[in-house]
Structures are given as structure tokens and as C-alpha cells.
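Novice: Okay, structure incoming, though there's no sequence with it:
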């Protein structure tokens, strides 16, 4: 399991013993303004021993847990702070929800943006991907839920 904090650090723990495996201090979060350092979402890949970590600064990093290295650090102009992430089943794709009402779909192997979806201008508060990976559902600050075919 993993947990993030307000200062931009992430702690990875063994799920059975609670033993700390790694404390991660990513420069992508440490070198930004203090009010943007908070880690808002962490998500383990279903297909690889990878952990995605995202923050209010609009950046996410993908860590390789066994090698304890950063595979990719990803961001793009126009994509605001990250609120939630979800891996698509049986793929290497990661869906990311943003404060400015956008969802972005990323290839975790290459670190490349694949597609952007728009939920008007309301903050994405929660995000899920269906078990078959065919749809993404985003709950937004305006109390609407948006459904996107993937």
C-alpha cells in the first residue's frame, strides 16, 4: 500500500507487515510552490509493479517499485492539479482526473499523453474505470457524472 502527504512525500508499505518499503521524495513535488506539493492520488498498476503518484501541481510520476526508480514524470500545459487516477484493466493506460474538469489518458510505458476528455469546467472529484476498461466515469464538483467511452 502507499500513502501521500501534504509535503509531497510518499510512503510505500508492505500490505501484510506494515513495514516501510520506501519513502519517496520526488523532486517533481518538492520543487514546486508549497501550496501545490500535496499528493492527492496514488494508484498501483494492475499489470506491473508500478505506482503512480499525483499531486496538486498537475504532475504525476510512475515508480518502478522493485528497482525503486522513476519510470516517467508526466505533465502537460493546460492540465491543472490532479485529483484522482485509475488504471485501465489489462492495459498500460492510466486515466487522470484534473481540477479544471479534464480527464487525460496516458500510456504508462512511454509516458505519452494519448487523449483528453472534457467534463465542462468543473473539478473532477472522483474517477473510476469499468472493470472491462471500456468506460471512464468522472464525478465532478457540479454534482454531475460524466461517462466516456474508451
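Specialist: Thanks, I have it. Just so you know, these numbers come straight off a predicted model, no measurement behind them. Numbers count the residues shown, from 1 in each chain.

Novice: Okay, residue 55 and residue 46: tell me how far apart.
Specialist: Using Cβ to Cβ, to the nearest Å, residue 55 is found at 22 Å from residue 46. Where you see a C-beta, it was placed from the backbone N, CA and C, and this is true even at glycine.

Novice: more neighbours, the two?
Specialist: residue 55 (25 against 13; other Cβ atoms under 10 Å).

Novice: so what's the backbone phi/psi at the more buried one?
Specialist: phi -140, psi 180 (degrees, to the nearest 10).

Novice: residues in contact with it?
Specialist: If a contact means Cβ atoms under 8 Å, 6 or more residues apart in numbering, then residue 55 has 4, 8, 28-29, 32, 36-40, 81-82 as its contacts.

Novice: repeat that for 10 Å
Specialist: Residues near residue 55 by Cβ atoms under 10 Å, 6 or more residues apart in numbering: 4, 6, 8, 10, 26, 28-29, 32, 36-41, 61, 81-83.

Novice: Same question for residue 122.
Specialist: Contacts of residue 122 (Cβ under 10 Å, 6+ apart): 99-101, 138-144, 146.

Novice: Settle this for me: residue 4 is touching residue 60, isn't it.
Specialist: No - if you go by Cβ atoms under 10 Å, residue 4 and residue 60 don't touch, sitting 11.1 Å apart.
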